[in-house]
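Peer 1: The sequence isn't on hand, but the structure is:
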């Protein structure tokens, strides 16, 4: 009798779990499901697609996939070894016979699909790249780690929590669906101005496009030539001012540099007509002239990160054409591209169909930043999508307070027409490298740029691949130092010396290719920041007292508000 009661209690518990999950789905989903059905019917009618054909093709595909699976069993030792090395399948649960077979089979099928793409002949290289990208993402999505029934760790968690993880995970998933993006960290893990972007300073200028922040010196003397940092308007500026121990801004200030940074306004209807000319002239040049006039200095060191570096290259060519190149003492490029002929997986999103789809997503002349966020996540789907599906939704692990991932989810909107032209004219048509771009009517010829340049690339960068960043060295005519940093687009840049992480490579010989650079390079342990500081200090004209206009708000420009300002908080 006791056993019967225990069984009834167990059934009651799991019925309750299922009921709670069903209730969550019903509360969230009735209207969404109806709308999805309506949208699907509309698409099918518009495209005149036969649903029976879709079903038939899906059945045929799965039959072929299963046949391939069976043909590859029993599994080879190579498959087993590869499965053991894949960190998605780490842990004792995957060593159980049934799950060991599942992971090895998955690896074998995944390799079969990817090798099948490589074996295809007679198609356009761009199409093959698109097929390779789509297949890789499909393979990653179908990993058995992503499903509760085929992931031993998830099954174990279900038994340990008596299903509570499924309810917590479903609540998180529905909240993310409502927010329109996957949350990598807890929504309240960080606060701008309190735990992130805390370097003391003042907003000293505000335009419809940007705010200019001046940081307070922490040394009695500062280098005479100030630093202006221009971050990409695709993201928030505080990637360079994360927690104090990771902040490039704080580190630069503590080294005795006068530091200013641009905080771009997230696009709304008021910026609908904003184009690259605006970012180059009404943004970067305007900020340069503001700093020059405020401190009464002839020139400024300028740092351009990612797309802001692309814009900086245009500005340097524009200034050279105007006879005003001496306004910029040096230019530093963080993972920036000017030649997009080898720009990596982002080039897969710039065909006519993709551009038309992007255009359909715009609202009031701007593009919701969550679209670009999803695109960047897709470039690293295993790490930035499926890893969090497993940890956040299936296992319901506690969120980890990771400042960089908080920033990654703090998306910005983009002017739609600027974004369309950026993808079409630079990524698709490579007009900047071909000399077919003008700014405010002035043709942009990168060969005219003689400004000293420091070019940093990330060895594992998936957004601005190092071979693409390297091409910048072929376009400028002035003295140039190229540095290859360990890690990728973000961690390769945000690598403070105190962390003692990664490495960087230098090569002072004249070489023509990245391969030659790497072959003759010297490896240095740790951060490349001190190397940059030594390079910039040689071009800074000595030191001056940190007083007067060098202190935020004590020059011609009255402080508007404390850093980090209001633009960084606008959504």
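Peer 2: Okay, I see it. Since the structure is predicted, the reported quantities are computational estimates derived from the model, not experimental observations.
Peer 1: Can you show me the helices along the stretch 101-250 of the chain?
Peer 2: Counting by DSSP state H, counting those that start in this stretch, the stretch 101-250 of the chain has helices at residues 125-141, 152-161, 164-179, 248-254.
Peer 1: Run the chain-centre distance for the last one.
Peer 2: Average the C-alpha atoms of helix 248-254, do the same for its chain, and the two points are 23 Å apart (C-alpha atoms, centre = their mean, to the nearest Å).
Peer 1: Please work out the average pLDDT along the following helix or strand past that helix.
Peer 2: Sequence order places strand 259-264 as the next helix or strand after helix 248-254, per DSSP states H and E. Regarding strand 259-264, the rounded mean pLDDT is 98.
Peer 1: Kindly report the same for stretch 294-308.
Peer 2: 98.
Peer 1: Straight-line length of that stretch, end to end?
Peer 2: Length of stretch 294-308, first residue to last, C-alpha to C-alpha, to the nearest Å: 23 Å.
Peer 1: how about that stretch: buried residues?
Peer 2: 294-295, 297, 299-308 (16 or more other C-beta atoms under 10 Å). Quick note: C-beta positions are derived from backbone N, CA and C, even for glycine.
Peer 1: How about stretch 114-131?
Peer 2: Quick answer for stretch 114-131 (16+ other C-beta under 10 Å): 117, 130, 131.
Peer 1: Look at the residue nearest to residue 169 when sequence neighbours are not counted and give its secondary structure.
Peer 2: On the basis of C-beta to C-beta, 6 or more residues apart in numbering, the spatially nearest residue to residue 169 that is not a chain neighbour turns out to be residue 393, at 3.9 Å. Taken by DSSP: H, G, I helix; E, B strand; the rest coil, the conformation at residue 393 corresponds to helix.
Peer 1: Please report the distance of residue 393 from residue 133.
Peer 2: The gap separating residue 393 from residue 133 is 24 Å, by C-beta to C-beta, to the nearest Å.
Peer 1: the more surrounded of these two?
Peer 2: residue 393 (23 against 18; other C-beta atoms under 10 Å).
Peer 1: Looking at the helices of the stretch 101-250 of the chain, spot the one closest to residue 370.
Peer 2: Nearest to residue 370 among the helices of the stretch 101-250 of the chain is helix 164-179; the distance by C-beta to C-beta comes to 8.4 Å.
Peer 1: Show the average pLDDT along that closest one.
Peer 2: 86.
Peer 1: what packs against that helix?
Peer 2: Using 3 or more C-beta pairs under 8 Å, 6 or more residues apart in numbering; DSSP states H and E as the contact test, the elements touching helix 164-179 are helix 2-47, helix 152-161.
Peer 1: Let me see the ranges of the helices in the stretch 351-500 of the chain.
Peer 2: Under DSSP H, counting those that start in this stretch, the stretch 351-500 of the chain gives helices at 352-361, 369-379, 381, 387-388, 403-409, 416-421, 466-470.
Peer 1: Determine which stretch of the ones you listed is the most buried.
Peer 2: helix 466-470 (a mean of 22; mean count of other C-beta atoms under 10 Å).
Peer 1: Looks like residue 431 contacts residue 437 (just checking).
Peer 2: Yes - Residue 431 lies in contact with residue 437 (C-beta atoms under 8 Å); the separation is 5.0 Å.
Peer 1: mind listing the strands for the stretch 201-350 of the chain?
Peer 2: 201-206, 210-215, 221-223, 227-230, 259-264, 300-305, 328-334 (DSSP state E, counting those that start in this stretch).
Peer 1: Save these as JSON lines, and put in distance to residue 363 too.
Peer 2: JSON lines is the format used below for those (distance: least, C-beta to C-beta, whole Å):
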{"stretch": "strand 201-206", "distance to residue 363": "25"}
{"stretch": "strand 210-215", "distance to residue 363": "22"}
{"stretch": "strand 221-223", "distance to residue 363": "44"}
{"stretch": "strand 227-230", "distance to residue 363": "27"}
{"stretch": "strand 259-264", "distance to residue 363": "19"}
{"stretch": "strand 300-305", "distance to residue 363": "27"}
{"stretch": "strand 328-334", "distance to residue 363": "31"}
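Peer 1: contact partners of stretch 293-300?
Peer 2: Where contact means C-beta atoms under 8 Å, 6 or more residues apart in numbering, the residues beyond stretch 293-300 that reach it are 204, 214, 224-228, 258, 288, 291-292, 326-329, 549-550, 555-557.
Peer 1: distance between the ends of it?
Peer 2: 11 Å.
Peer 1: so how many other residues sit close to the residue nearest to residue 254 when sequence neighbours are not counted?
Peer 2: Excluding its sequence neighbours, the residue lying closest to residue 254 (C-beta to C-beta, 6+ apart) is residue 218, at 5.4 Å. By other C-beta under 10 Å, 14 other residues sit near residue 218.
Peer 1: surely residue 553 meets residue 201?
Peer 2: No - using C-beta under 8 Å, residue 553 is not in contact with residue 201, being 9.5 Å away.
Peer 1: quick one on the thing from earlier: mind putting the buried residues of stretch 114-131 into CSV with distance to residue 562?
Peer 2: Shown next, in CSV, are the buried residues of stretch 114-131 (distance: C-beta to C-beta, whole Å):
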residue, distance to residue 562
117, 53
130, 47
131, 51
